[in-house]
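Colleague: coordinates for the following, if possible.
(one chain, ligands or ions: 1)
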Amino acid sequence: MFDGKTGAALWEDRRELRLRYQISVERIRKFYDGLREGRVLATRCRSCGELHFPPQSFCARCGSEDMEWVELSGEGELLTFTVIKAKPTSFSHYGDYTVGIARMPEGVNVLAWVSGDPGKLRVGTRVRLRVVRREPENYLTYELQPTE
Ligand SMILES: [Zn+2]
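Modeller: Predicted structure coming up:
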């Protein structure tokens, strides 16, 4: 084959690549414990009160490491959403899905998949943050479920 711009001859080789990676989640392990209990947890800085979601082990506002875990109430309002039709490779096995951002009463925004018919969604739709098991990978995550 040839390079599209320069016309130079190219050699192309193909092989299957299987990736396995491990990332330490020790400092936010309680978040995953929370998912197993059906709870979505954020961290709050004990020094300045800033709430962080996704949870952080350091406060982005004041730099403190003195954080406490708090459960989000789970009831929020959709700020924006979009239907994903052109998916990244790692999500190519899913059908079209909706991603949205919800404002929670605690003052943090949550980015997550939105369940249900996207044609019924509006900015301002009430949503519930809930823990779900994502298949076929079989891992726990959270999504936004319309309640109206
Ligand atoms: Zn802080």
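Colleague: okay, Arg87 and the ion: tell me how far apart.
Modeller: You called it Arg, but residue 87 is Lys. From Lys87 across to the ion, the span is 36 Å (Cβ to the ion, to the nearest Å). In this view, the C-beta of every residue, glycine as well, is placed from N, C-alpha and C.
Colleague: what is the burial count for the residue nearest to that residue when sequence neighbours are not counted?
Modeller: Nearest residue to Lys87, sequence neighbours excluded (Cβ to Cβ, 6 or more residues apart in numbering): Tyr94, at 6.5 Å. Using other Cβ atoms under 10 Å, Tyr94 has 13 neighbouring residues.
Colleague: could you look up the SS state of the residue minimising distance to the centre of the chain?
Modeller: Closest to where the C-alpha atoms of the chain average out (Cα atoms, centre = their mean) is Ala112, at 4.7 Å. Counting by DSSP: H, G, I helix; E, B strand; the rest coil, the backbone at Ala112 sits in strand.
Colleague: give the contact list for it.
Modeller: Residues near Ala112 by Cβ atoms under 8 Å, 6 or more residues apart in numbering: 99-100, 102, 129, 141-144.
Colleague: if we go to 7 Å?
Modeller: 100, 142-144 (Cβ atoms under 7 Å, 6 or more residues apart in numbering).
Colleague: now do Glu65
Modeller: So Glu65 contacts 57-58 (Cβ under 7 Å, 6+ apart).
Colleague: so it sits in a strand?
Modeller: No - applying three-state DSSP, one finds Glu65 to be coil, outside a strand.
Colleague: coming back round to it: ok, now how distant is the residue nearest to the centre of the chain from the ion?
Modeller: Taken as Cβ to the ion, the span from Ala112 to the ion is 24 Å.
Colleague: per-residue confidence at that residue?
Modeller: Ala112 carries a pLDDT score of 97 in this model.
Colleague: what is it paired to in the beta sheet?
Modeller: In this structure, Ala112 bridges to Gly100 when assessed by DSSP bridges.
Colleague: could you check how far it is from Gly63?
Modeller: Computed as Cβ to Cβ, to the nearest Å, the Ala112 to Gly63 distance reads 28 Å.
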